[in-house]
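Chemist: Okay, here's the prediction I keep looking at, along with the sequence it came from:
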Amino acid sequence: MRGQLIQARLQALQSQINPHFLFNTLNSIASLVQDNPATAERMIEALGDLLRIATTTKRPQVTVREELHFLDQYLLIERIRFGERLRIETLINAAMLDDLVPVLILQPLAENAIKHGVETQVGPSFIQISVQPAGDGHFLRLEVSNSGSVINAAGRKIEERIGLSNTRARLQALFGPQASLELHPRNQGGFVARLLIPRPSVPPRAAEPQLEASV
């Protein structure tokens with residue numbers, strides 16, 4: 001019965017993500033319809049592809065590989081929206097790609113990184129996505145960070161709305177106190193959102209971290 005209650009709670013939390021994301025994305029598209037209809041059309045096409053993936057994924061957890069693919073579709077829309085102002089860097093340990101993570105766990109973190117980073121900056125801003133082992137390999141560490149002013153970051157707090165509060169609730173339902181979500185200002189400016197998720201026992205696989213940059 002406890003397992004059924006947890007599953008029902010996860011399904012309820014997951015069902016909140018798509019409307020929340022859809023509302024924000026449609027707002028972005030609406031802002032471009034009159035001024036730049038061609039770009040708005042591209043965003044609508046990208047959104048359609050994204051929603052197709054989101055609505056056909058019923059599992060509470062997916063592989064890191066799948067989650068990064070979903071995040072790529074979201075960031076494609078944001079790249080169209082911000083153009084050269086948004087630059088993406090990824091630091092992914094290939095040995096982690098088959099690990100399981102809650103579905104759609106990175107999108108709200110990226111959304112907040114853009115809202116509190118790119119939207120507040122005049123020039124180009126960076127979003128970095130990192131997936132690495134932690135705790136002697138017993139945990140998976142996922143980070144989404146943004147660039148920004150050191151002064152602004154030091155005195156600001158990120159307001160946790162539905163995206164981040166939903167993320168915390170899903171982590172609690174799936175992993176209890178073993179998982180965590182922390183938000184910290186970075187010394188060089190901006191913020192980092194850090195997820196720690198316990199890993200199941202898996203055989204060690206040797207792989208070097210891979211750094212890819214999209215500018």
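Modeler: Structure's in. What do you need?
Chemist: Need the pLDDT of residue 109.
Modeler: Here, the pLDDT recorded for residue 109 equals 90.
Chemist: swap in the one 10 residues further on?
Modeler: pLDDT for residue 119: 75.
Chemist: State the distance from it to residue 112.
Modeler: Using CB to CB, to the nearest Å, residue 119 is found at 10 Å from residue 112. C-beta: built from backbone N, CA, C; applies to glycine.
Chemist: So these two - more neighbours on which side?
Modeler: With neighbours defined as other CB atoms under 10 Å, residue 119 and residue 112 compare such that residue 112 has more, 22 against 13.
Chemist: and the more buried one, that's in a helix?
Modeler: Yes: using DSSP: H, G, I helix; E, B strand; the rest coil, the assignment for residue 112 is a helix.
Chemist: show me where pLDDT drops low in this protein?
Modeler: The chain contains residues with pLDDT under 70 at 1-21, 24, 54-55, 149-162, 201-215.
Chemist: need the helices for it, in chain order.
Modeler: Taking DSSP state H as the criterion, the chain contains helices spanning 2-30, 37-56, 64-82, 107-116, 150-155, 162-175.
Chemist: ok, residue 145 touching residue 189?
Modeler: No: applying CB atoms under 8 Å as the test, residue 145 and residue 189 come out as separate, 10.0 Å apart.
Chemist: Show me which of these two is the more surrounded one.
Modeler: Neighbours per residue, other CB under 10 Å: of residue 145 and residue 189, the larger number sits with residue 145, 23 against 18.
Chemist: Just list whatever residues bridge to the residue lying closest to the more buried one once chain neighbours are set aside.
Modeler: Counting by CB to CB, 6 or more residues apart in numbering, residue 145 lies nearest to residue 192, which is 3.9 Å off, once chain neighbours are set aside. Taking DSSP bridges as the rule, residue 192 bridges to residue 145, residue 184.
Chemist: how much space is there between residue 192 and residue 142?
Modeler: To residue 142, residue 192 is 11 Å away according to CB to CB.
Chemist: ok, the two, which is more surrounded?
Modeler: Taking neighbours as other CB under 10 Å, residue 192 and residue 142 compare with residue 142 leading, 25 against 18.
Chemist: isn't the residue nearest to residue 145 right next to residue 143, touching?
Modeler: Yes: with contact defined as CB under 8 Å, residue 192 counts as touching residue 143 (5.5 Å).
Chemist: which outside residues touch the longest strand along the chain?
Modeler: Longest strand of the chain, by residue count under DSSP state E: strand 125-134. Contact with strand 125-134 is made by 64, 68, 71, 75, 85-93, 95-96, 106, 110, 113-114, 117-118, 139-148, 196, 199, 209, as judged by CB atoms under 8 Å, 6 or more residues apart in numbering.
Chemist: Much appreciated, bye for now.
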